[in-house]
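Engineer: structure for this input, please:
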Amino acid sequence: MDLHYRLRTAGIRAPGGRIGQLWREQAEGGRAAGLYVKRLLLLLVVGSPLMTGLVGLLLQRAGIPLHGGWWMSALCCSAAGLMLALVSGLAAGVLLGTLASLSMLVGLHATAGGAFGPLLGGAAGVVVGVCLGVVAGLASGSIASITGGRGPSVVRVQVAAIVTSVVPMLVWSGTANMSFAGAVAASSLVAFLLSAFRLPLYAVEVLASAVAYAVEKWTGKPTLTWVPVRHHNLSYLPHPFLGRHLALAVRSRPAEVLAVADACLRSPGNILVGWPWVVQALEAASADGGAAPRS
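Structural biologist: Numbers count the residues shown, from 1 in each chain. Got it, this is the predicted structure:
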């Protein structure tokens, strides 16, 4: 989300726009748009195949068999990303092209190469599903955030998770047994939800929020700039201690509190800790003897 607003500040009108849109901006004098296109195309056309090739070589050196043609898959994913960038959006093409390239390497070529053996077909299905789910989950939130400046709603994430799990299951059920297809579907669903909602990162956010609040409360050292919402704005769960931390700082550092409140507006799980709370807190702080509200 922050990248969306930074690109808009740089003068780019359509941060998630198609290549043609951004090139038209460059033709109209938008030098930032032209530089943005060049850098993303370099990542997609050059960086993505090279990174996939390096990972593939490392896997082979580690003794993990890969089905032949994975270099071609990396090039095909980059080409597909380029087509998506032309018809949908440049950011979408770069993210999906790069992530799909790595996903195919690990999920499909390692599975087809027999890396899991004949007795671990279910494990192979889980690997394929995790790759699909992680790619789709990470790309969905990132693409929406860069394009529109806000993360996808919970309902849209849930619908996308179901589609991401059902479609591969139908595809694999025609080429493999149903247990394999079921493993793909279940792991796709779980991996999509974990990555789209950034749940593994939430444990780190809880710890960082607690540490920042405790340090300021017991030592008086200003730590409001440490709070996770200032550095990561795609959390769908509220950060603990954030409201109480704002209450500690609202009297002495109202500018910092307002900056955190602004960041809360771009964090789906912390919107209610943002401006509505801050208006209340500033009114209480300005009143003689008023106590700052708690979250």
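Engineer: show me where the stretch 1-150 of the chain has its helices.
Structural biologist: Counting by DSSP state H, counting those that start in this stretch, one finds helices in the stretch 1-150 of the chain at the ranges 2-9, 19-27, 31-42, 48-61, 70-87, 90-103, 110-112, 121-148.
Engineer: cool, the stretch 151-295 of the chain as well?
Structural biologist: 154-173, 178-196, 199-219, 242-249, 254-264, 275-286.
Engineer: what does the second one contact?
Structural biologist: What that stands for is helix 178-196. Identification of contacts with helix 178-196 by CB atoms under 8 Å, 6 or more residues apart in numbering yields 121-134, 136-138, 140-141, 152, 157, 160-162, 164-166, 168-170, 172-173, 199-200. Backbone N, C-alpha and C define where each C-beta goes, glycine included.
Engineer: among those residues, name the buried ones.
Structural biologist: Buried by 16 or more other CB atoms under 10 Å: 121-122, 124-134, 136-138, 140-141, 152, 157, 160-161, 164-165, 168-169, 172, out of the contacts of helix 178-196.
Engineer: so where is the chain shaky, pLDDT-wise?
Structural biologist: 117-122, 174-176, 273-295 (pLDDT under 70).
Engineer: quick check, residue 246 in contact with residue 258.
Structural biologist: No - if you go by CB atoms under 8 Å, residue 246 and residue 258 don't touch, sitting 9.9 Å apart.
Engineer: comparing these two, which residue is more hemmed in?
Structural biologist: More crowded of residue 246 and residue 258, by other CB atoms under 10 Å: residue 246, with 28 against 16.
Engineer: what's the closest non-adjacent residue to the more buried one?
Structural biologist: Nearest non-adjacent residue to residue 246, counting by CB to CB, 6 or more residues apart in numbering: residue 257, 5.4 Å away.
Engineer: what is the burial count for the one you found?
Structural biologist: Residue 257 has 24 nearby residues by other CB under 10 Å.
Engineer: can I get stretch 95-106 in CSV, CA atoms only?
Structural biologist: Output in CSV follows, covering the C-alpha atoms of stretch 95-106 (Å, rounded to 0.1, in the frame of the first residue of the first chain):
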residue,chain,number,x,y,z
LEU,A,95,4.6,-10.6,-9.3
LEU,A,96,2.8,-13.5,-10.9
GLY,A,97,5.5,-14.1,-13.5
THR,A,98,8.3,-14.2,-10.9
LEU,A,99,6.4,-16.2,-8.2
ALA,A,100,4.9,-18.6,-10.7
SER,A,101,8.3,-19.3,-12.1
LEU,A,102,9.6,-20.4,-8.7
SER,A,103,6.4,-22.3,-8.0
MET,A,104,6.6,-24.4,-11.1
LEU,A,105,10.3,-25.2,-10.4
VAL,A,106,9.6,-26.4,-6.9
